[in-house]
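Novice: need coordinates for the below:
(one chain, ligands or ions: 1)
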Amino acid sequence: MIHPAELIQRKRDGGALSPDELRELVLGYARGEIPDYQLAAFCMAVYFRGLSSAETYALTEAMIASGETLDLGKALGRRVVDKHSTGGVGDKTSLAVGPIVAACGVPFAKMSGRGLGHTGGTLDKLESIPGFRVELSVAEFVQQVREIDLAIIGQTADLVPADKQLYALRDVTATVDSVSLIAASIMSKKIAAGADAIVLDVKVGDGAFMKTLADATILAETMLELGRHAGREVVCLLTDMDQPLGCAVGNALELREAVATIRGEGRPDFTELVLDAGARLLALSDLGVDVSGGRRRAEAALADGSALAAYERWIRAQGGDPDEDVLPRAPVVAQVEAARAGYVARLGATAIGLAALHLGAGRRAKDDAIDHSVGVVCRRKRGDEVGAGEVLAEVHARDEAGAAEAVRDVLAAYELGDEPPAKRPLVLDVLA
Ligand code: URA
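Specialist: Alright, predicted model coming up:
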């Protein structure tokens with residue numbers, strides 16, 4: 001029988017925990033026998049002291065053991081692919097990539113999470129569609145992937161319940177940005193959900209949990225190692241998150257942008273990441289194509305409408321209506337105008353993420369309801385030229401007071417200069 005306070009103290013003081021101790025702690029928490037406050041203190045101790053690779057592996061195994069596991073390849077007789085981002089601002093990539101991959105005839109099965117800190121979560125974005133169900137049973141999940149090659153679900157009582165609880169706790173206790181906790185959270189979901197090959201998008205920069213390429217590389221290598229241990233093929237893209245991805249930040253707004261991208265009407269930066277991630281997923285599948293062949297197929301799926309058809313099939317299969325008119329709209333839309341002419345030298349992703357969170361797009365406490373309609377649309381991005389008084393961004397708010405505060409916050413997130421800033425590539429590195 002473990003004593004959680006002693007384990008917390010040992011980790012706080014820099015000691016190591018055994019696999020059995022980590023397992024009992026995580027399983028006890030998942031069963032409701034160890035309270036939130038002790039796990040919150042444990043996560044904070046891990047945040048400051050870190051976990052060794054043996055401890056990170058044991059934590060991941062314990063989280064997987066809190067629920068069932070799936071072998072989708074065996075269940076479907078096909079190679080199944082999955083993708084996950086470490087968390088960013090405006091990152092709606094999975095919503096567009098899933099339908100592209102499915103349209104190419106490759107099964108895509110993903111377990112996602114909700115918003116974390118100032119970053120948005122795929123489940124929250126999907127729940128802006130009235131009726132959309134993120135909590136499918138394991139049998140429904142497998143059946144849907146079999147029938148339409150695509151399902152995105154949340155952690156459930158069946159699959160990685162420990163991550164569902166820990167994730168919500170970390171969101172509101174400033175314990176998200178720890179390499180070991182992120183790696184265990186992501187890889188427990190990926191391994192339990194049973195895909196054979198996984199593309200991880202490791203975000204780097206101001207709006208990411210990893211601020212530098214060096215830290216993001218450590219996170220990527222930790223996840224590659226966990227994937228290898230579990231016999232999965234993993235590719236990590238390290239991508240820029242110094243500014244929001246695409247233009248929309250906020251749940252329904254991001255969903256609209258993802259659908260526009262699937263229609264071929266997306267912003268070039270976001271479309272590029274979607275096509276790159278899609279190409280790499282197709283190259284890992286059983287289609288027998290390399291990355292450039294995958295890229296051609298992904299582009300064709302956007303151009304011929306098959307990705308849009310796959311999106312509509314998927315949303316209906318999970319109980320939603322794919323018609324964009326059913327998405328909620330915020331009652332107040334205010335414009336953020338440039339105080340001077342110039343070039344956008346910087347667009348702070350964290351500041352935009354926090355402005356969206358304060359508008360109601362994210363949670364301050366664990367059980368907070370979120371407002372799916374609110375957020376920010378960045379009409380100008382880094383490097384764009386603007387005239388004085390031109391629109392930089394739009395704020396979508398519940399009321400005038402919230403809009404006025406967000407307009408001030410968004411304006412402060414933009415830095416204007418006289419010269420265009422140096423170009424920064426979106427994909428900074430690829431590790432496998
Ligand atoms: N995404 C996850 O699923 N977990 C994390 O901890 C961070 C991003």
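Novice: what's the closest non-adjacent residue to the closest residue to the ligand within the stretch 201-350 of the chain?
Specialist: With C-beta to the nearest ligand atom as the measure, residue 209 is the residue of the stretch 201-350 of the chain nearest to the ligand, at 6.7 Å. The way it works is simple: take the backbone N, C-alpha and C, and place the C-beta from them, glycine included. Among residues not flanking residue 209 along the chain, residue 177 sits closest, at 3.9 Å (C-beta to C-beta, 6 or more residues apart in numbering).
Novice: list the residues that contact that neighbour.
Specialist: Listed by C-beta atoms under 8 Å, 6 or more residues apart in numbering, the contact partners of residue 177 are 47, 117, 209-210.
Novice: which residues touch the residue of the stretch 201-350 of the chain closest to the ligand?
Specialist: Contacts of residue 209 (C-beta under 8 Å, 6+ apart): 86-87, 117, 119, 176-177, 182, 203.
Novice: who are the packing partners of the helix or strand containing residue 101?
Specialist: Per DSSP states H and E, residue 101 falls inside helix 93-103. Packed against helix 93-103 by the contact rule (3 or more C-beta pairs under 8 Å, 6 or more residues apart in numbering; DSSP states H and E) you find strand 81-85, strand 108-112, helix 122-126, strand 150-154, helix 251-262, helix 268-284, helix 291-303, helix 306-317.
Novice: got the buried residues for the lowest-mean-pLDDT helix or strand in the chain?
Specialist: Every helix and strand of the chain was ranked by mean pLDDT, DSSP states H and E. The lowest is helix 72-76, at a mean of 90. Applying a neighbour-count criterion of 16 or more other C-beta atoms under 10 Å, one finds 72-73, 75-76 buried in helix 72-76.
Novice: please work out the angle formed by the directions of the helix holding residue 101 and strand 108-112.
Specialist: Inter-element angle recorded for helix 93-103 and strand 108-112: 160 degrees (by axes from the mean of the first three to the mean of the last three C-alpha atoms, to 10 degrees).
Novice: how much space between the spatially closest residue to residue 151 that is not a sequence neighbour and residue 88?
Specialist: Nearest residue to residue 151 in three dimensions, chain neighbours excluded: residue 144, at 4.3 Å (C-beta to C-beta, 6+ apart). When distance is defined by C-beta to C-beta, to the nearest Å, residue 144 is 27 Å away from residue 88.
Novice: what of residue 385?
Specialist: Applying C-beta to C-beta to residue 385 and residue 88 gives a distance of 25 Å.
Novice: next: residue 397.
Specialist: Using C-beta to C-beta, we find residue 397 at a distance of 22 Å from residue 88.
Novice: now swap in residue 12 and tell me
Specialist: 30 Å.
Novice: with neighbour numbers in mind, choose between those two.
Specialist: Neighbours per residue (other C-beta atoms under 10 Å) separate residue 12 from residue 88, with residue 88 holding more: 27 against 15.
Novice: so the more buried one sits in a helix?
Specialist: No: according to DSSP: H, G, I helix; E, B strand; the rest coil, residue 88 belongs to no helix; its state is coil.
Novice: out of the helices and strands packed on helix 93-103, which gets nearest to residue 68?
Specialist: Nearest to residue 68, of all the helices and strands packed on helix 93-103, is strand 108-112, at 11.9 Å by C-beta to C-beta.
Novice: how about the residues of the stretch 51-200 of the chain by the ligand?
Specialist: 86-87, 113, 116, 176, 181-182, 185-186, 189 (C-beta under 6 Å from any ligand atom).
Novice: let's see if you can find the most crowded of those residues.
Specialist: residue 86 (30 neighbours).
Novice: and the pLDDT at that residue?
Specialist: According to the prediction, residue 86 has pLDDT 94.
Novice: who touches it in this structure?
Specialist: Taking C-beta under 8 Å, 6+ apart, one finds 182, 186, 200-203, 208-210, 216, 219 in contact with residue 86.
Novice: about what we covered before: can you verify the residue nearest to residue 151 is assigned to a strand?
Specialist: No: read with three-state DSSP, residue 144 is helix and lies in no strand.
Novice: wait, it touches residue 319, no?
Specialist: No: in this structure, residue 144 is not within contact of residue 319 by C-beta atoms under 8 Å, at 10.9 Å.
Novice: which one's more surrounded, the two?
Specialist: Applying other C-beta under 10 Å to residue 144 and residue 319 shows that residue 144 carries more neighbours, namely 20 against 13.
Novice: residue 123 versus the more buried one, what's the distance?
Specialist: Residue 144 is 16 Å from residue 123, by C-beta to C-beta.
Novice: what's near enough to touch the closest residue to the ligand within the stretch 51-200 of the chain?
Specialist: For the stretch 51-200 of the chain, the residue positioned closest to the ligand under C-beta to the nearest ligand atom is residue 185, at a distance of 3.5 Å. For residue 185, the contacting residues are 63, 113, 163, 166-167, 170, by C-beta under 8 Å, 6+ apart.
Novice: ok, now with 6 Å
Specialist: residue 163 (C-beta atoms under 6 Å, 6 or more residues apart in numbering).
Novice: distance between the helix or strand harbouring it and the chain's centre?
Specialist: Per DSSP H and E, residue 185 falls inside helix 179-193. Here the centre of helix 179-193 is set off from its chain's centre by 12 Å, with C-alpha atoms, centre = their mean, to the nearest Å.
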